[in-house]
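Peer 1: I'll drop the sequence and a predicted model, then ask my questions.
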Amino acid sequence: MDLSLTADERAFQDEVRAFLDEALTPELRAAGRLATSVFAEPEFSLPWQRKLFEKGWVAPSWPKAYGGAGWGEMKRAIFAAECARAGAPALSPMGLRMVGPCLMGHGTEEQKAFFLPRILAGEDYWCQGYSEPGAGSDLASLQLRADSDGDHYVLNGSKIWTTHAHYANRMFCLVRTRFEGKPQQGITFLLLEMATPGITVAPIITLAGDHEVNQVFFDNVRVPKSGRVGEENHGWTVAKYLLEFERGGGSAPGLKVALGRVRGLAGAEGLLDDPDFRGRLIDVEVLVEAIEMTEHRVLAAIAGGRNPGPASSMLKTQGTEAMQAIDELAIDAAAPYARVDQPAARKPGANIEAVGPAHSLTAMPRYLNNRAASIYGGSNQIQRDIMARLILGL
Ligand SMILES: Cc1cc2nc3c(=O)[nH]c(=O)nc-3n(C[C@H](O)[C@H](O)[C@H](O)COP(=O)(O)OP(=O)(O)OC[C@H]3O[C@@H](n4cnc5c(N)ncnc54)[C@H](O)[C@@H]3O)c2cc1C
């Protein structure tokens, strides 16, 4: 496998670096550096999204016809790696990487013409209403009922773990439109406005102290049928299409940045001379190298028109476990400074030094927040089931 960049790719990398140098303000860099979740707060992600939108780089994988950059796999990987290295805030994936591509694949011409430009420009902020109190890994058992009433559906029930529902003005969700037969064949994919009467968003404060997820209640909520994507009772096909996008994406660049942070911290604390700590650090470094090589193999497979198969399950499992191992090292290195979260101190512009070393602000909240990474997006046990079926034929 040849990992060296071609002259064109190197020129593109230089162009990206020059743009990031100029476009990332100190506030945006600080927001990226101090983020403790894969989801940046919209007060930072949206200004960054607008800058990328103006540059034409906001949607690397979207075709040019829909306003995307239309880049191939390699350019996308270079761009993502440079953004991670520069500490750019993460963009919310719900519009750009989830419902957007889904509309391209299954939406009507009207839906595409209305929603896609708004997604690119960050005019709408989306949340994903899939999971319910009784439906997570077994998503097909979802029960949020949608009764037909003329040209509307009337929704009753609830969704849970809905990330950033308290910021979102729109939700894409799965509802039950038929109760008999196979569960997968009674599900419909629906777009709705969060301001519709009858919707209540209740916060769930996590172990990390974050307000990131919510439970959303629906009490006789009337949603126009024009918000349906695909046919009634065929939402499962649309939903599965979207999950492909949720699971995609490389994690090695971000993991390397996190490893660099831990190395710096451990060096400052004299821990690199500790054989136990050093051994654990090297184990994770080797794992991250392996993840990076696997990501390159996936890129090569896609570029060659081949299906990467179960690699996305493997990368999700290994990537989240590597991240969690790095978090544990950071906690050990920060030692007594690894204290509970202080969100006010993490705001860009806050006097970080006044409350202790900068690493002490993020080590613990990152560790706690990242516990969820092996649960969301398909839990690691579910990913292992997939690998057992596809690789071992069990
Ligand atoms: C921080 C966070 C953000 C989230 N954001 C969103 C969001 O924005 N929108 C949304 O719709 N959902 C969201 N989710 C929900 C997420 O998709 C679910 O938590 C996930 O699918 C697991 O479902 P569950 O929580 O119901 O757990 P369960 O499915 O009940 O699983 C419980 C445990 O049993 C294991 N298990 C279950 N089935 C099997 C099996 N067949 N084989 C082996 N082990 C199994 C699981 O791995 C897990 O360890 C989020 C979750 C978290 C934690």
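Peer 2: Good, I have the coordinates. Residues are numbered from 1 along each chain as shown.
Peer 1: For V175, give me phi and psi.
Peer 2: phi -130, psi 160 (degrees, to the nearest 10).
Peer 1: so what's the nearest residue in space to it that is not next to it in sequence up against?
Peer 2: Once flanking residues are discounted, V175 sits nearest to A146: 3.8 Å by CB to CB, 6 or more residues apart in numbering. From N, CA and C alone the C-beta is placed, and that goes for glycine too. By CB atoms under 8 Å, 6 or more residues apart in numbering, the residues touching A146 are Y153, V154, L155, V175, R176, T177, T188, L190, V223.
Peer 1: If you drop the residues flanking it in sequence, what lies closest to F179?
Peer 2: Excluding the flanking residues, the one nearest F179 by CB to CB, 6+ apart is G186, at 6.2 Å.
Peer 1: what about whatever residue of the stretch 51-200 of the chain ends up closest to the ligand, how many residues close to it?
Peer 2: Going by CB to the nearest ligand atom, the ligand is nearest to G136 of the stretch 51-200 of the chain, at 1.9 Å. Look at G136: counted by other CB atoms under 10 Å, it has 18 neighbours.
Peer 1: got a pLDDT number for it?
Peer 2: At G136, the pLDDT value in this model is 96.
Peer 1: what do you get for M74?
Peer 2: Reading off the model, M74 has pLDDT 86.
Peer 1: With P93 instead?
Peer 2: You'll see P93 listed with a pLDDT of 92.
Peer 1: May I have the residues that are in contact with T196?
Peer 2: Per CB under 8 Å, 6+ apart, neighbours of T196: V221, R222, V223.
Peer 1: leaving aside the residues next to it on the chain, what's closest to I326?
Peer 2: Nearest residue to I326 in three dimensions, chain neighbours excluded: A258, at 4.8 Å (CB to CB, 6+ apart).
Peer 1: Shouldn't the one you found be within a helix?
Peer 2: Yes - judged by DSSP: H, G, I helix; E, B strand; the rest coil, A258 forms part of a helix.
Peer 1: measure it to the ligand for me?
Peer 2: 18 Å (CB to the nearest ligand atom, to the nearest Å).
Peer 1: Helices along the stretch 251-394 of the chain, start to end?
Peer 2: 252-268, 275-303, 311-334, 343-346, 359-370, 380-390 (DSSP state H, counting those that start in this stretch).
Peer 1: quick one: buried residues of stretch 22-34?
Peer 2: Residues of stretch 22-34 classed as buried: A23, L24, L28, R29, A30, A31, G32, L34 (neighbour count, 16 or more other CB atoms under 10 Å).
Peer 1: go on, stretch 255-268?
Peer 2: In stretch 255-268, counting by 16+ other CB under 10 Å, buried: L255, K256, V257, A258, L259, R261, V262, R263, L265, A266.
Peer 1: ok, residues contacting it?
Peer 2: For stretch 255-268, contacts defined as CB under 8 Å, 6+ apart pick out 84-85, 87, 272, 277, 281, 284-285, 288, 291-292, 319, 322-323, 326, 329-330, 333-334, 359, 363.
Peer 1: repeat for stretch 115-123
Peer 2: Contacts of stretch 115-123 (CB under 8 Å, 6+ apart): 46, 49-50, 53, 58-59, 62, 66-68, 95-96, 99-100, 103-104, 107, 124, 126, 191.
Peer 1: Is it possible to mark the buried ones in the residues you listed?
Peer 2: Those of these that meet the buried threshold are 46, 49, 53, 58-59, 62, 66-68, 95-96, 99-100, 103-104, 107, 124, 126, 191, by 16+ other CB under 10 Å.
Peer 1: Let me see the backbone angles for the residue nearest the centre of the chain.
Peer 2: Computing the C-alpha centroid of the chain and ranking residues by CA atoms, centre = their mean puts P93 first, at 5.2 Å. Here the main-chain torsion angles of P93 (degrees, to the nearest 10) amount to phi -80, psi -10.
Peer 1: Please determine how far it is located from R228.
Peer 2: As defined by CB to CB, to the nearest Å, P93 lies at a distance of 23 Å from R228.
Peer 1: Equivalent analysis for W48, please.
Peer 2: On the measure of CB to CB, W48 and R228 end up 32 Å apart.
Peer 1: what's the answer for R170, then?
Peer 2: On the measure of CB to CB, R170 and R228 end up 14 Å apart.
Peer 1: Y130: neighbouring residues, count only.
Peer 2: 20.
Peer 1: got it, and the one 10 residues further on?
Peer 2: Counted with other CB under 10 Å, the burial measure for A140 works out to 15 neighbours.
Peer 1: Sort out for me which of the buried residues of stretch 22-34 are in helices.
Peer 2: A23, L28, R29, A30, A31, G32, L34 (DSSP state H).
Peer 1: want to throw the contacts of T196 into a markdown table with pLDDT, distance to the ligand and neighbour count?
Peer 2: Shown next, in a markdown table, are the contacts of T196 (pLDDT from 0 to 100; distance: CB to the nearest ligand atom, whole Å; neighbours: other CB atoms under 10 Å):
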| residue | pLDDT | distance to the ligand | neighbour count |
| --- | --- | --- | --- |
| V221 | 98 | 17 | 22 |
| R222 | 98 | 22 | 15 |
| V223 | 98 | 17 | 23 |
